[in-house]
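A.B. asks: generate a structure from the sequence data that follows.
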Amino acid sequence: METVLGGLSYEACLVYLDDIIIVGRSFEEHFNNIRRVLQKLKEANLKLSPSKSHLFRREVTYLGHIILAEGVRTDPDKISAVKNWKSPTDVHQLRSFLGLCTYYRKFVKDFSTIARPLHKLTEAKQKFIWTNECNNAFNKLKDALTSAPILAYPETGTQFILVIQMQVVRA
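C.D. replies: Residues are numbered from 1 along each chain as shown. Sure thing, here's the model as predicted:
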């Protein structure tokens, strides 16, 4: 699908495996993008399933995210598991928690810094000792994920300024 719609990706549509979300800032742009995507699919002799097609939606749940006109937010159904997550008692439970958190890391400012004490516990030959620092990091991640912001879309056609924050950690 990426090959077929590659020229339209991110501009007119989002593609993941066989799922396509067609976007547009206005009805006209959305309609035009639908036509462009359908044309590409027709040229590749690909067909859509009408029963799985949802047109002109203002909100779509997709890969654990809610896609809105204003931006992208976490899916409350997925994040609800974080609210009730008990403090891990072993490295396996911690890795499960970190896996979910890492999937949503873009919603958490300073994610790597906050999660560092937890990641240290997952290192090979590291004894699992749950400290206050670990507990604070765990609760901070839970709080950040359960109150995550809506991430706005970039304004294409404008200049982007990239600010890189780097922290050197010596082992």
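
A.B. asks: please report how far residue 35 lies from residue 29.
C.D. replies: Residue 35 sits 11 Å away from residue 29, going by Cβ to Cβ, to the nearest Å. From N, CA and C alone the C-beta is placed, and that goes for glycine too.

A.B. asks: now the helices for the protein?
C.D. replies: 2-5, 27-43, 76-83, 91-103, 111-121, 132-146 (DSSP state H).

A.B. asks: same list, the ones you listed, but as JSON lines with mean neighbour count, distance to residue 157 and mean pLDDT please.
C.D. replies: Listed next are the helices of the chain as JSON lines, based on neighbours: other Cβ atoms under 10 Å; distance: least, Cβ to Cβ, whole Å; pLDDT from 0 to 100:
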{"stretch": "helix 2-5", "mean neighbour count": "13", "distance to residue 157": "22", "mean pLDDT": "79"}
{"stretch": "helix 27-43", "mean neighbour count": "14", "distance to residue 157": "14", "mean pLDDT": "92"}
{"stretch": "helix 76-83", "mean neighbour count": "14", "distance to residue 157": "32", "mean pLDDT": "89"}
{"stretch": "helix 91-103", "mean neighbour count": "16", "distance to residue 157": "30", "mean pLDDT": "95"}
{"stretch": "helix 111-121", "mean neighbour count": "17", "distance to residue 157": "29", "mean pLDDT": "96"}
{"stretch": "helix 132-146", "mean neighbour count": "16", "distance to residue 157": "31", "mean pLDDT": "96"}
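
A.B. asks: just checking, residue 9 touches residue 1?
C.D. replies: No. Under the criterion of Cβ atoms under 8 Å, residue 9 makes no contact with residue 1, lying 9.6 Å away.

A.B. asks: what do the two both touch?
C.D. replies: By the contact definition Cβ atoms under 8 Å, 6 or more residues apart in numbering, residue 9 and residue 1 are jointly contacted by residue 15.

A.B. asks: more neighbours: the two, which one.
C.D. replies: Neighbours per residue (other Cβ atoms under 10 Å) separate residue 9 from residue 1, with residue 1 holding more: 17 against 13.

A.B. asks: if I pick the residue nearest in space to the middle of the chain, what's in contact with it?
C.D. replies: In the chain, the residue lying closest to the centroid (Cα atoms, centre = their mean) is residue 104, at 5.2 Å. By Cβ under 8 Å, 6+ apart, the contact set of residue 104 is 64, 74, 79, 145, 148.
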